[in-house]
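Student: Let me see the structure of the following:
(2 chains)
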Amino acid sequence: MAYIEFKNVIKEYKMGEVSIKALDKTNFQIEKGELVVIVGPSGAGKTTALNILGGMDSVTSGNVLIDNKDISKFNKKQLTKYRREDIGFVFQFYNLVQNLTALENVELATQICKHPLDPKQILNKVGLKNRMKNFPSQLSGGEQQRVAIARAIAKNPKLLLCDEPTGALDYKTGKQILKLLQDTCRKENMTVIIITHNSALTPMADRVIHFKNGTAFNIEKNENPTPIEQIEW
Amino acid sequence: MKKALFKDGIKEIKNSYKRFLSLLLIVLLGVGFFAGIKAASPDMKKTLDQYFDELSVMDLQVISTMGLTDEDIDSIKNVSNVDIVQGSYQTDALVSIEEEEVVVKLETITDDINKLKLIDGRMPTNKKECVVESNFLLGTNHKIGDKIEIKIDDITNEEGEKQKVLKNYEVTIVGTVDSPLYISTDRGSTKLGSGIIDYYIYVPKENINVEMYTNIYLTVSGAKDLHTCEDEYKESVDAVQDALEGIAEERQEARYNQFWGSANEKIIDAEKELEEEKSKAEKELEDAEKELNDAEKQIEDGKAEIAANRSEANAKFNSAEKELEDAEAELSKKEEEFNTTKKQVQTQIKEYEANLSTLKQTEKQLNNANKNLNVLNNQIQELNNALENAESEDEKNKIQEQIDELNVEKQKIQITISIIESELQKQGITNIKETIKTIQDGINKANEELEEGSKQLEEAREQINENKENLNDTKNSTYYQLNIAENKLLDSEKELEEGKKELEDARKEYNEKIEEAEQKLLDAKEDLKEIQRPEWYVLDREQNVGYVSYVQDTDRVASLAEVFPIVFFLVAALISLTSMARMVEEQRVQIGTLKALGYSKRQISAKYIIYASLATILGGGIGLIIGFNLLPKIVADMYSMVYSVPTVILEFNFDIALMGMSAAILCTVGATIYTCIKELRHNPATLMRPKAPKPGKRVILEKIPFIWKNLKFTSKVTARNLFRYKKRFLMTIIGVCGCTALIVAGFGLRDAIANMIPNQFGEIDKYNINISLKEDKYEEELEKLETELLEKDEITETLGTNIQSIKIIKNDNNQNIQLIVPSDVNKLEEFISLRNRKNIEEKYVLDNSGIIISEKLANLLDIKIGDIITIENSDGDRADVNVSKITENYLMHYIYMSPELYNEIFDTRIESNVILAKTIELSKEDENKLGKELLKDTDNISGVSFTSASEDMFTTVMDNMDTVVWILIIAAGLLALVVLYNLLNANISERIRELATIKVLGFYDREVYSYIARETIILTIIGIIIGLLGGYFLTMYILKTCELDITMFDPEVKLLSYILGIVITVFFAIIVNIVTYFSLKKIDMIESLKSVE
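Tutor: Got it, this is the predicted structure:
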């Protein structure tokens, strides 16, 4: 049994009289410890899938099994608990709390977890040893994203979900961030799911899920992922 | 303005109606409060002005020290701009209705000026009728149609004759009126009765018996059209006032002349009379003195004569006595001589007698011898015979023997005889018998002579004694008479002394009398000098106590308007600042686009300015309408307890409206323009890019490591946020603080006023009835009356007390003060509690060390414990006393004094004129019954008043207070809601990504809520704490502003009010927090994924 399984997931948005199916019978499976890249054009439903995976959105129908739990049946509270304990989320725009320092932003996440990692160590790991006391506005985009990643990892989640983590970053910084994510996956044996519209990144993943028109139309398993350093785009 | 932009603006309002509404509400409150409170004063003044116009209240009145006459009226009429002139007679009087007696101000009804407003019944039509103020009937429990008896002391007219003031002293009440001259409850003070004028009554001028007027009232032409409180009015009246003062001189002179003749003449007469009396009395005194002197001389003469007589008598008697003494001495000598002679004679006689007896013995012997011889002879014869005859010689011998014997015998005898005869011969005696006889005769003669001598001596002694006796008698009678004469003289002398003393007394008395008379004359002259010029006083309305205090009191309210709305305006400005800034920020891109499209800054700003203006104008407009209609009415209602003025005229006051609106617009639109200018400075490109989020900053707390380190993570976040948004921080604190302060003030005001009456009439004044006495009573009389009163079932305790109106001589104050002197200081506590307001357990007992004065009086006149103040009692006597304590008191001014101290300082004996009594619980009917019953004792009791009546008066005030409290609570609630809601709105919309992010991070709803709410809660707590303090000061300010001179509000804000302030603020905060909770719940996590727009 796969670690994560999307089974016939349908997500419908009702906009007045029109209803739009963001996800239409999507199915895919992910194994534990894999680095997964979800690619697809805008509006393909990849973000919706990620939202559902992250417990931020509910499904209209179908099942989402994570570590043998069907989160599609979860109520709001259970979903919050799920997000709290099992999910680490990295946003495109970092979403750091401006009023908190790098360390505090990480602590913001760890203080609500059961088994958090030490925020300082994590920040060390992401290479921000000397910037812990800085406010987001004093950090560069890449550094901010590292803080965001640190915040996600520090929760010691089962699943690290990244929504266009490099979307707001330049090429070089983006690469560093992806490297960090890949390293985290490998070293911590953490399941990492990255959403991107940049299909050039697919070689770095263990598994690539292609989205189009609300479904995962192609899932490929990559036996020999390329280290990110070697990927150019 | 471009149509599209306008449409956009309208749509904006629709979209953010909550924001719009909150701005509108806060402006509404600010403007409403400002305008409402501010308008109260002009509205009330306007009401007064109209009321005065309606009743043609005098603009000026003339009073004179010597009364006024018709001539005065005529000359006043001739002064330019004088419209209506009418004279009136005013006096203080006692009125008895059935058993009760009250003090009134009596005045004539003037038809054209100072018109009376008929409340009930009708106006008098003849001199046997009168109208009274409504309170008169309420207070004395009488009705229209009742008869009253007026007592006024007769006055002395120009001719110095006593004259009755009224024609009819018994009049019928035919109606009740309001007089515009007495709009306040103050009727002034008087020398009559208790010293306080209770009511006013009006009688028709037909009933006035006196020719003169006490007041001349006049109106100024055109003044009616002017507002009585405004400068134009004052100017126009002042001009006439000056003119009147101009003619005053002449009129004073005229009146003076009217009076001068009689008064001065009298003095001259009196002077003359005095002189006459003086000379007459002096002559009498002189005569008396002369008489006394004569008498004295006579006595002296008498004395001399007596002395002469006495010495003459003494001399005479002395010589007489001496003569007598001489005679006596001579006699004594003679007696002595006689006695010597007598002794010699007696010795001789004794010798003679001895010789005689010897002779007699010799004679006897002789005789015996002769006899014996004879016998012998016979016997010899016989024997011779016998011898012759003898027979015998024996016998003859015998017989011869016998004859011989016998012859021997015979010889013996013859020898003896011859011896004796020889002896006699020897002695020259021849004839013994003859000798004896001679001797005997000599003895007899000597004895006779002796007898003769002693008889003569005896006679001489007798003579002398007789002479002595005679002399003594003469002496005695002479001295007796002399003594009598002397005593008579002494008596005369005594009489003379008395006469002298009498004369001295008479002289003394005379001198005193003369001095007195002269002093009187001098006084009279002085008086005449003083009244020489009758003084005119031309008074305007400002000299009317009611009018002035009304105007002053309304002004006080107006000053409230400057404090109250500040919070609202400040919050309005802050809200505009934050919400406009947010709006502008939220729409940066749109603004940038518009700018890029070529819209000018002004056009773009217009939308926001219109938004703010609309909210302000709408809110302000509604606020004005509510404010103008509601607040002046409430204020006026509260004042209606003290002032009898018609219902307030509510007006839309443009000046105030403009002022309020301007302030509001300045705050809101000003803030908006400021924000727009700040934002629109940027070029379109910058605007179209998302605004860099406000960078995080270290806060002050972080610099204090030991605090910061010990803070929990969440607290740190809260602290950061609190310091991050300073505007919001300020707005919330001001808003919440304002809310709490308003509520505390609302309840605090209520406390202050609510506590006042129960405290005054329950805890301080514990007595239920004040029974005024017809005459002052003392000791037994008082006790007797008290015992009588105590016999009534309803009355439980009594205390005779002296209550009088007094003055404190300090700073020209005009406070009406009641002096309370209990007959028994130890019983006072049972009737009136004297205590420390701040510690009511600390009771004060009156002693002789000083007086106890009520707190407000002390505050007003700035009197402290230990001060020495001068008081003037109702008789006009002044004395200095020490203030020993200041006691809690809320209504009127009181001074308490022990009777001993009173007697000491005023050198008198104080008596009770009032009996305070406590009763059992009584219903209104029972009280009326008891009152009626007590008044039946017409000899002793003149009035009865229950404290419950005063209590009732304040019930209406309390109803009004409740309205005020509600208004304040609603305003406070709105303020809190608007502010907190704005904070919430700002927090949510500005930090939506942050909130969505933490939701994604897995914060439970509760945690998300507390993440935000913690800030609100802390701000609310800070706001409440400041608000409690602010509430205290606000209450104090309002109290101080609204407090009347005779009242003291309880300045203690009760704990409950603070608690209510907290609870109600928290309640509003909770409402907003509940809304927050649900708003937060609704936040979509997807927001976190969106890019910054």
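Student: what about the longest helix in the chain?
Tutor: Just so you know, I chose chain A. Secondary structure of chain A per DSSP state H: the longest helix is helix A:171-188.
Student: my bad, chain B
Tutor: Under DSSP H, chain B gives helix B:231-388 as its longest helix.
Student: about what we covered before: now the element after the longest helix of chain A, going C-ward?
Tutor: strand A:191-196 (DSSP states H and E).
Student: Can I get that next one in PDB, CA atoms only?
Tutor: The C-alpha trace of strand A:191-196 is given here as PDB (Å, rounded to 0.1, in the frame of the first residue of the first chain):
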ATOM      1  CA  THR A 191       8.300  12.800   1.700                       C
ATOM      2  CA  VAL A 192       8.500  16.000  -0.200                       C
ATOM      3  CA  ILE A 193       6.000  17.200  -2.800                       C
ATOM      4  CA  ILE A 194       6.900  20.100  -5.000                       C
ATOM      5  CA  ILE A 195       4.400  21.800  -7.300                       C
ATOM      6  CA  THR A 196       5.800  23.700 -10.200                       C
END
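Student: what's the offset of that strand from the middle of its chain?
Tutor: Centre-to-centre, strand A:191-196 and its host chain are 5 Å apart (CA atoms, centre = their mean, to the nearest Å).
Student: List the buried residues for it?
Tutor: By neighbour count on 16 or more other CB atoms under 10 Å in any protein chain shown, the buried set for strand A:191-196 is A:T191, A:V192, A:I193, A:I194, A:I195, A:T196. (Glycine included, C-beta is placed from N, CA and C.)
Student: what's the average pLDDT for it?
Tutor: Strand A:191-196 shows a mean pLDDT of 90.
Student: So which residues make contact with it?
Tutor: By CB atoms under 8 Å, 6 or more residues apart in numbering or on different chains, the surrounding residues in contact with strand A:191-196 are A:3-4, A:30-39, A:46-47, A:50, A:53, A:158-167, A:178, A:181-182, A:184-185, A:201, A:205.
Student: Which strands border the helix or strand following that strand, and is each parallel or antiparallel?
Tutor: Next helix or strand after strand A:191-196 toward the C-terminus (DSSP H and E): strand A:207-212. Strand A:207-212 has the following sheet partners, assigned by DSSP bridges: strand A:35-39 (parallel), strand A:215-221 (antiparallel).
Student: helices or strands up against the longest helix of chain B?
Tutor: strand B:60-68, helix B:70-77, strand B:82-88, strand B:213-220, helix B:403-426, helix B:432-530, strand B:536-540 (3 or more CB pairs under 8 Å, 6 or more residues apart in numbering or on different chains; DSSP states H and E).
Student: Which of those sits closest to chain A?
Tutor: For chain A, the closest of those is strand B:536-540, at 67.9 Å, according to CB to the nearest CB.
Student: which element is the residue in chain A positioned nearest to chain B on?
Tutor: Residue nearest to chain B within chain A (CB to the nearest CB): A:R84, separated by 2.7 Å. According to DSSP H and E, A:R84 maps onto helix A:76-86.
Student: contacts for that helix?
Tutor: Contact with helix A:76-86 is made by A:54-56, A:58, A:66-67, A:69, A:71, A:74, A:89, A:112-114, A:155, A:157-159, B:999-1005, as judged by CB under 8 Å, 6+ apart.
Student: Could you identify the buried members of these?
Tutor: A:54-56, A:58, A:66, A:71, A:74, A:89, A:112-113, A:155, A:157-159, B:999-1005.
Student: how many other residues sit next to B:T947?
Tutor: Residues near B:T947, counting by other CB atoms under 10 Å in any protein chain shown, number 16.
Student: for B:K726, same thing?
Tutor: Using other CB under 10 Å as the criterion, B:K726 is surrounded by 9 other residues.
Student: got the phi/psi numbers for it?
Tutor: Main-chain torsions, B:K726, degrees, to the nearest 10: phi -70, psi -40.
Student: what sits against it?
Tutor: So B:K726 contacts nothing (CB under 8 Å, 6+ apart).
Student: for the spatially most central residue of chain A, phi and psi?
Tutor: Chain A has A:L161 as the residue nearest its centroid, 1.2 Å off, counting by CA atoms, centre = their mean. With angles defined as degrees, to the nearest 10, A:L161 sits at phi -110, psi 130.
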